[in-house]
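Student: Here is my input, please return the structure:
(one chain, ligands or ions: 1)
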Amino acid sequence: MKIAVNTGGGDAPGLNAVIKGIVLTAYQKGWEVYGIKYGYRGLMDTKQIVRLTPETVWNITDIGGTILGTAITGDPFRYAVTQAGGAVVETDVSDTVVGNFKALGFGVLIAVGGDGSLRIAQKFMQKGIPVVGVPKTIDNDIRLTDVTFGFDTAVNTATEAIDKLHTTAKSHDRVMVVEVMGRYVGWIALHSGISGSADVILIPEIPYDIDKVCNRIRQLELLGQDHAIVVVSEGAKPVGGDITVAEGKQSGCEVRLGGVGKKVADEIGQRTGKETRHIVLGHLQRGGAPTTYDRLLSLRFGAAAVRFVEAGKFGMMAAVQSTEIVAVPIEDAIGQIKSVPMDSDILITARSLGISFGD
Ligand code: F6P
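Tutor: The predicted model follows:
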């Protein structure tokens, strides 16, 4: 068996540990593993394919990023091809990918990616490439898995930042607004906000009323707390309003989120008269060494993906449900995102602690 593995979409801490899990598990079965560089691009330009032996992965469990590189553009079904006249036209080059995959004698593609990359993987499955998926994203928005790898590390980074903001906020009697990642779901904001003792958490799932946010800050003052920490998910939006979009495009076609933290901070400052500052944590949440939890989860995902190959479970994605790694159909996991449910115990806990969601 010759296994091809790629990492696609935004990077997440734990990608290298997944690769290690795949390579060492496959090695024990006498199988070969090849890394496809930069998402699917390596299957268009096959010079971008590297043999992954145990020696190449021994020391990478704790290293962030991905040794294979990744790409948020480069969907072979909508590939940006520059024409003779210079015009860039989206072209379907998926047949080239399938042709190269078969010509190189690969038996399976293990696609490590988020919703976008797994959708592409599923399309290749339909075109005859056997595929196994591994769910990656710091946003934790993939359905049918309790958690994705990378999420725990991102939450730890955000929590640590919020912890640090408490002391400076308290010293100056300021409101500090922290914008965290998460795209259209509020998992990072919710987990880090509760753990970092935020006073207000704004998430996309609960449109906020800025007056209610300000009322909570005034209420805290009456209780003797002159500073406040507000954690805002980048996809948060006001009641009846829209998400805040940053300039520039992402993933070739998707909007880039960003800027809601500043908007919320400005409004709080104007309405309460309190000195307010905002900070955007941005890509710090994607970088650095994975936490212990993410290392173990990633190694388990990698090893499980190879077991799925052995069992012929193609079209399936490794998922963690309760304490076990299970196989779920990729097509059931993609398409819809996993939002924070309104009856989530974590949300209920936050409300019990007096945290406001601006609703
Ligand atoms: O999906 C992961 C993520 O980090 C999101 O949280 C964020 O909105 C986006 O990617 C940022 O993407 P980019 O690296 O293209 O700016």
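Student: Find me whatever residue is spatially closest to residue 70, sequence neighbours aside.
Tutor: Of all residues not flanking residue 70 in the chain, residue 7 sits nearest, at 4.9 Å (C-beta to C-beta, 6 or more residues apart in numbering). For every residue, glycine as well, the C-beta is placed using N, CA and C.
Student: helices and strands around the longest helix along the chain, which ones?
Tutor: Assignment by DSSP state H gives helix 151-172 as the longest helix of the chain. Counting contacts by 3 or more C-beta pairs under 8 Å, 6 or more residues apart in numbering; DSSP states H and E, helix 151-172 packs against strand 175-180, helix 187-195, strand 228-233, helix 292-310.
Student: so which of the ones you listed gets nearest the ligand?
Tutor: Nearest of these to the ligand, taken as C-beta to the nearest ligand atom: helix 187-195 at 7.5 Å.
Student: Ranking helices and strands of this protein by mean pLDDT, which lands last?
Tutor: strand 245-250 (a mean of 74; mean pLDDT, DSSP states H and E).
Student: How far away from the center of its chain is the next helix or strand after that one?
Tutor: Of the helices and strands lying after strand 245-250 in sequence (DSSP states H and E), the nearest is strand 254-257. In this view, strand 254-257 has its centroid 14 Å away from the chain centroid, taken as C-alpha atoms, centre = their mean, to the nearest Å.
Student: Flag every buried residue along strand 254-257.
Tutor: residue 257 (16 or more other C-beta atoms under 10 Å).
Student: For residue 161, which non-adjacent residue is closest in space?
Tutor: Using C-beta to C-beta, 6+ apart, the nearest residue to residue 161 is residue 281, at 5.6 Å.
Student: ok, now residue 31?
Tutor: residue 1 (4.3 Å).
Student: Burial check on that neighbour, number of neighbours?
Tutor: Residue 1 has 15 neighbouring residues, counting by other C-beta atoms under 10 Å.
Student: isn't it right next to residue 25, touching?
Tutor: No: look at residue 1 against residue 25 with C-beta atoms under 8 Å: they stay out of range, at 11.6 Å.
Student: ok, now which ones touch residue 317?
Tutor: Each residue near residue 317 by C-beta atoms under 8 Å, 6 or more residues apart in numbering is listed here: 118, 132-135, 144-145, 327-330, 333.
Student: What strand or helix carries the closest residue to residue 145 other than its chain neighbours?
Tutor: In space, and not counting its chain neighbours, residue 145 is closest to residue 319: 3.6 Å by C-beta to C-beta, 6+ apart. Residue 319 belongs to strand 316-321 when elements are defined using DSSP H and E.
Student: For that strand, C-alpha coordinates in PDB please.
Tutor: The C-alpha coordinates for strand 316-321 follow below in PDB (Å, rounded to 0.1, in the frame of the first residue of the first chain):
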ATOM      1  CA  MET A 316     -14.800   8.000   6.200                       C
ATOM      2  CA  MET A 317     -13.300  10.500   8.600                       C
ATOM      3  CA  ALA A 318     -11.700   9.900  12.000                       C
ATOM      4  CA  ALA A 319     -13.800  11.500  14.700                       C
ATOM      5  CA  VAL A 320     -13.700  11.500  18.500                       C
ATOM      6  CA  GLN A 321     -16.900  10.700  20.200                       C
END
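Student: quick one, the helix or strand just after that strand and strand 316-321 angle?
Tutor: Using DSSP H and E, the helix or strand that follows strand 316-321 towards the C-terminus is strand 324-329. Using axes from the mean of the first three to the mean of the last three C-alpha atoms, to 10 degrees, the direction of strand 324-329 lies 140 degrees away from that of strand 316-321.
Student: rewinding a little: ok, the longest helix of the chain near the ligand or not?
Tutor: No: using C-beta under 6 Å from any ligand atom, we find that helix 151-172 stays clear of the ligand, coming within 8.1 Å at best.
Student: And for stretch 189-204?
Tutor: No: remark: stretch 189-204 sits outside contact range of the ligand, by C-beta under 6 Å from any ligand atom, the gap being at least 10.8 Å.
Student: State the pLDDT value of the residue nearest to residue 229 when sequence neighbours are not counted.
Tutor: Nearest-residue entry for residue 229: residue 198, 4.6 Å, with adjacent residues in sequence omitted and distances by C-beta to C-beta, 6+ apart. Per-residue confidence at residue 198 stands at 98 (pLDDT).
Student: How about residue 65?
Tutor: pLDDT for residue 65: 98.
Student: Would it be right to say that it lies in a strand?
Tutor: No: counting by DSSP: H, G, I helix; E, B strand; the rest coil, one finds residue 65 to be coil, located in no strand.
Student: Can you give me every residue that contacts the residue nearest to residue 310 when sequence neighbours are not counted?
Tutor: For residue 310, ignoring the flanking residues on the chain, the nearest one in space by C-beta to C-beta, 6+ apart is residue 29 at 6.9 Å. Neighbour list for residue 29: 1, 306, 310 [criterion: C-beta under 8 Å, 6+ apart].
Student: Can you give me the end-to-end span of stretch 171-191?
Tutor: Chord length of stretch 171-191, first to last residue, is 25 Å (C-alpha to C-alpha, to the nearest Å).
Student: Pull out the buried positions in that stretch.
Tutor: 174-191.
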